[in-house]
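Engineer: have a look; sequence and predicted model below, questions after that.
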Amino acid sequence: MRIICDSKLATLTFVPVEAEEKRVIASIATKLKPGDKMVYGGRKDFGDNREFCDIRLHAGGRKATKTEDNGKGRFTYPIHIGGTELVLHGSTEEDKHEVNRLRDICFFRTGGLVFLGKTKVKGDKAIIITGEFCKLCNKQMVRFVDCEWGICDACAAKCKHNYVFGPVHSKEGRLGEYCDKCGRGKPRIKGKKAKARS
Ligand SMILES: [Zn+2]
Ligand SMILES: [Zn+2]
């Protein structure tokens with residue numbers, strides 16, 4: 001899959017490359033309505049490549065749970081009945097990085113991606129998606145930091161920050177000062193030197 005990013009609109013366009021991808025994308029484009037969620041179904045790794053992952057997304061159908069007994073105990077896991085499964089596999093290195101980013105967005109925050117509509121790229125059916133919508137102004141968002149906190153950059157700029165100390169990003173686990181309302185880290189003041197010990 002080629003993944004074309006429009007950072008201004010905060011959208012990604014999935015353009016199929018392989019025949020199977022073309023079939024799945026055409027099916028999703030027909031089944032989904034704008035605003036429908038494609039539900040994250042976990043990672044699917046190929047071969048020994050640990051740097052990049054493929055992810056599963058479920059379009060349509062319904063969610064259910066399945067309970068099994070493996071001899072040691074019963075365990076319940078989510079399954080999807082019906083619908084279309086898209087295995088998102090980046091074509092170029094750039095696309096593969098994008099899939100990794102989408103995995104983080106889905107795993108840490110959104111649990112899926114939002115279908116916005118269909119389009120055509122060089123004669124092939126393609127779909128347009130976003131991560132989620134800003135909880136304050138409803139703008140589309142597709143960057144990790146925006147989605148993680150549910151607040152877009154424009155709204156974060158207007159935030160009356162309340163800085164606290166803790167892990168700045170759940171993904172990185174870095175400690176520092178960040179706002180507990182919009183999640184943005186406290187800007188470092190240039191030229192400020194640490195106090196010399198006397
Ligand atoms: Zn906003
Ligand atoms: Zn803030």
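Structural biologist: That came through fine. All of these numbers come straight from a predicted model, not from anything done at the bench. Ligands and ions are numbered 1, 2, ... in the order given.

Engineer: remind me, longest strand of the protein?
Structural biologist: As assigned by DSSP state E, the longest strand anywhere in the chain is strand 112-121.

Engineer: what does that one contact?
Structural biologist: 2, 4, 11, 13, 15, 28-29, 32-40, 57, 59, 102, 105-106, 125-133, 140 (CB atoms under 8 Å, 6 or more residues apart in numbering). (Each C-beta comes from the backbone N, C-alpha and C, glycine too.)

Engineer: partners of it, with directions?
Structural biologist: With DSSP bridges as the test, strand 112-121 is paired with strand 37-44 (antiparallel), strand 124-130 (antiparallel).

Engineer: buried residues in the helix or strand of the chain with the lowest mean pLDDT?
Structural biologist: Least confident helix or strand of the chain, by mean pLDDT, DSSP states H and E, is strand 74-81 with a mean of 80. Neighbour counts over strand 74-81 (16 or more other CB atoms under 10 Å) mark H80 as buried.

Engineer: next one: it to chain centre, how far?
Structural biologist: 22 Å (CA atoms, centre = their mean, to the nearest Å).

Engineer: and if you look at stretch 67-86?
Structural biologist: Counting by CA atoms, centre = their mean, stretch 67-86 comes out at 23 Å from the chain centroid.

Engineer: gap between the two ends of that stretch?
Structural biologist: Stretch 67-86 has its terminal residues 24 Å apart, counting by CA to CA, to the nearest Å.

Engineer: break down this structure into its helices, ranges please.
Structural biologist: 19-31, 93-105, 144-149, 153-157 (DSSP state H).

Engineer: got a list of what G185 touches?
Structural biologist: Neighbour list for G185: 168, 176-179 [criterion: CB under 8 Å, 6+ apart].

Engineer: closest to ligand 2 among the residues you listed?
Structural biologist: C179 (3.1 Å; CB to the ion).

Engineer: ok, the closest one touching C159?
Structural biologist: Yes - using CB atoms under 8 Å, C179 is in contact with C159, at 6.3 Å.

Engineer: re the thing from before, just want the angle from the longest strand of the chain to helix 19-31.
Structural biologist: On the basis of axes from the mean of the first three to the mean of the last three CA atoms, to 10 degrees, strand 112-121 is oriented at 100 degrees to helix 19-31.

Engineer: pull out the buried residues from strand 112-121.
Structural biologist: 112-116, 118.

Engineer: redo these as TSV? Include distance to ligand 1 and pLDDT.
Structural biologist: Converted to TSV, those look like this (distance: CB to the ion, whole Å; pLDDT from 0 to 100):
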residue	distance to ligand 1	pLDDT
G112	20	95
L113	18	97
V114	15	97
F115	21	97
L116	17	97
K118	26	96
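
Engineer: alpha carbons only: can I get the longest strand of the chain in PDB?
Structural biologist: Below are the C-alpha coordinates for strand 112-121, written out as PDB (Å, rounded to 0.1, in the frame of the first residue of the first chain):
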ATOM      1  CA  GLY A 112      -8.900   2.300  14.900                       C
ATOM      2  CA  LEU A 113      -9.000   4.800  12.100                       C
ATOM      3  CA  VAL A 114     -11.900   6.900  10.700                       C
ATOM      4  CA  PHE A 115     -13.000   6.400   7.000                       C
ATOM      5  CA  LEU A 116     -13.600   9.700   5.400                       C
ATOM      6  CA  GLY A 117     -14.300   8.800   1.800                       C
ATOM      7  CA  LYS A 118     -13.100   7.300  -1.400                       C
ATOM      8  CA  THR A 119     -11.100   8.800  -4.300                       C
ATOM      9  CA  LYS A 120      -9.200   7.600  -7.300                       C
ATOM     10  CA  VAL A 121      -5.400   7.800  -7.800                       C
END
